[in-house]
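1. 3D, please:
(one chain, ligands or ions: 1)
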Amino acid sequence: MKIGFIGLGNMGGPMAANLAKAGHEVLGFDMAEVHIEGVALARTAAEAATDAQVVITMLPNGQILRHVAAEIIPAMTKGAAFLDCSTVDVDSAREVARQADLAGLLPVDAPVSGGVGGAAAGTLTFMAGGSKAAFAMAAPLFDVMGQKAVHCGTSGAGQAAKICNNMILGVTMIATCEAFALADKLGLDRDRMFDVVSTSSGYSWSMNAYCPAAGVGPNSPADNDYKPGFAAELMLKDLRLSQQAAAGSDADTPMGKLAEALYTQFVEHEGGLGKDFSAMLPRFEERGRS
Ligand code: NAD
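-> Alright, predicted model coming up:
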C-alpha cells in the first residue's frame, strides 16, 4: 500500500518503520529532521499525502492536527483513508473527520495504547472511530502496527475510549501510590503489599504491570529512576482532555477531576515534569515526611 505518514516522533517513527518493514511504500513528513529506517521523506505534509491510499498522522495535539488536516485533506485522493492515531480532544477528532468526509475521504480516529515500547514492537492497541468501510481499510495496517484494534463506533469514539481509559489509569496510579505510602507508614513490607494486592481485589494494571515501587513486582520505570515510560505531563494532557470532554458532555467525573488537579500540582510545582507518571509514589513519600 502507498502510505503517507505525518509526525515521525517517538511513536510515529517506529510505527512508520514497521509499516515499511512489512513492505508498504511509506512517504513520511515531520517538521523536525528525522531519519526513519525504510521511510522516504517528503518536503511538506501535502506532498506526503498526495497519491497515498492511506494517510496516517501521529501528532502532539488537536490544534496541530486541525492545522495539518487543513493542509493535507485537499491534497488527498478521493476514497483514501485518513487515519489519525494522535491522542486529541473529541471535538477536534469529529471536526477533522467531518471535513475529511466532505472531501470524499474515509476518516478514522485511532488513538493507541502501548507506549513507545508497543510502537517499536508492533504490539499497540488501537481504539477506532469511523465508518465500517474506513475501519476495514485501516485494519491491515492496524495488524502490522499493533496486536489489537477495536472498532468503538462512529467518528470520535476512538478518542472517547482513549481518554476514558487514561482517566482510569491516572486515578488507579494515584490510588496505588497513596496506598503504598500508607502501607509504609503502617510498617508493611512492600513486597508483601504487592503480593497481596496484585492477587486481591485492589489489583490493577498500575499495580500488576507497572508497579510504582522500585524493586517490587515487574520491571517498570520505578526501577529506572522514574525515567519515562509514560511521562507525567502526557498523563496530565490526557486527564485534561477527559475533563474537557466531561464538561462538554455534562458528565460527573469527580475522581478524574481530582487526578487532573494532583497531576497539575505534580507537573507544574513539584518537579514531576520529565518524570514517569508513576513518580507519584516518591511525591507521596515526600509529602508524608513533611
Ligand atoms: P512526539 O513529540 O515524540 O512526536 C510528535 C511529532 O510530531 C514530532 O516529531 C514533531 O516534530 C511532529 N510535528 C509537530 N507538529 C508538526 C507539524 N505541523 N507537521 C509535521 N510534524 C509535526 O510525540 P509522541 O510521543 O510520538 O506522541 C504522539 C501522539 O501519540 C500524542 O498525541 C501522544 O499523546 C500520543 N501517545 C503517546 C504515547 C507515548 O507513550 N509517547 C502513548 C500513546 C499515545
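2. OK, contacts around the closest residue in space to residue 58 that isn't next to it in sequence?
-> Distances taken as Cβ to Cβ, 6 or more residues apart in numbering place residue 12 nearest to residue 58, at 3.3 Å, with adjacent residues excluded. All C-beta spots, glycine's among them, are computed from the backbone N, C-alpha and C. Applying Cβ atoms under 8 Å, 6 or more residues apart in numbering, we find residue 12 in contact with 5-6, 30, 56, 58, 85, 119.
3. when you check the ligand, which of these turn up near it?
-> 6, 30, 58 (Cβ under 6 Å from any ligand atom).
4. pull out the buried residues from those residues.
-> Using 16 or more other Cβ atoms under 10 Å as the burial test, those include 6, 30, 58 as buried.
5. the last one contacts residue 10, correct?
-> No - contact status for residue 58 versus residue 10: not in contact, 9.2 Å apart, counting by Cβ atoms under 8 Å.
6. among the contacts of residue 12, which ones are in helices?
-> Members of those lying in helices (criterion: DSSP state H): residue 119.
7. could you dump the contacts of residue 12 to CSV with distance to residue 145?
-> Converted to CSV, the contacts of residue 12 look like this (distance: Cβ to Cβ, whole Å):
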residue, distance to residue 145
5, 11
6, 15
30, 17
56, 9
58, 10
85, 8
119, 7
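8. list just the nearest of the ones next to the ligand among the contacts of residue 12 to residue 66.
-> For the ones next to the ligand among the contacts of residue 12, the minimum distance to residue 66 (Cβ to Cβ) is 13.1 Å, reached by residue 6.
9. any idea what the closest one is bridged to?
-> For residue 6, the beta-bridge partners are residue 29, residue 57 (DSSP bridges).
10. show me what contacts it?
-> Residues near residue 6 by Cβ under 8 Å, 6+ apart: 12, 28-30, 45, 48-49, 55-59, 68, 72.
11. swap the cut-off to 6 Å and go again
-> By Cβ atoms under 6 Å, 6 or more residues apart in numbering, the contact list for residue 6 reads 29, 45, 48, 57, 68.
12. equivalent analysis for residue 97, please.
-> The contact partners of residue 97, taken as Cβ under 6 Å, 6+ apart, are 107, 155.
13. does the ligand have contacts with the helix or strand where it lies?
-> Taking DSSP states H and E as the criterion, residue 97 maps to helix 90-102. No - under the criterion of Cβ under 6 Å from any ligand atom, the ligand is not reached by helix 90-102; the shortest gap measures 10.9 Å.
14. just checking, what packs against whichever helix or strand residue 171 is part of?
-> In this structure, residue 171 sits in helix 157-185 according to DSSP H and E. Where contact means 3 or more Cβ pairs under 6 Å, 6 or more residues apart in numbering; DSSP states H and E, helix 157-185 is packed against helix 90-102, strand 124-130, helix 205-208, helix 232-249, helix 254-269, helix 280-289.
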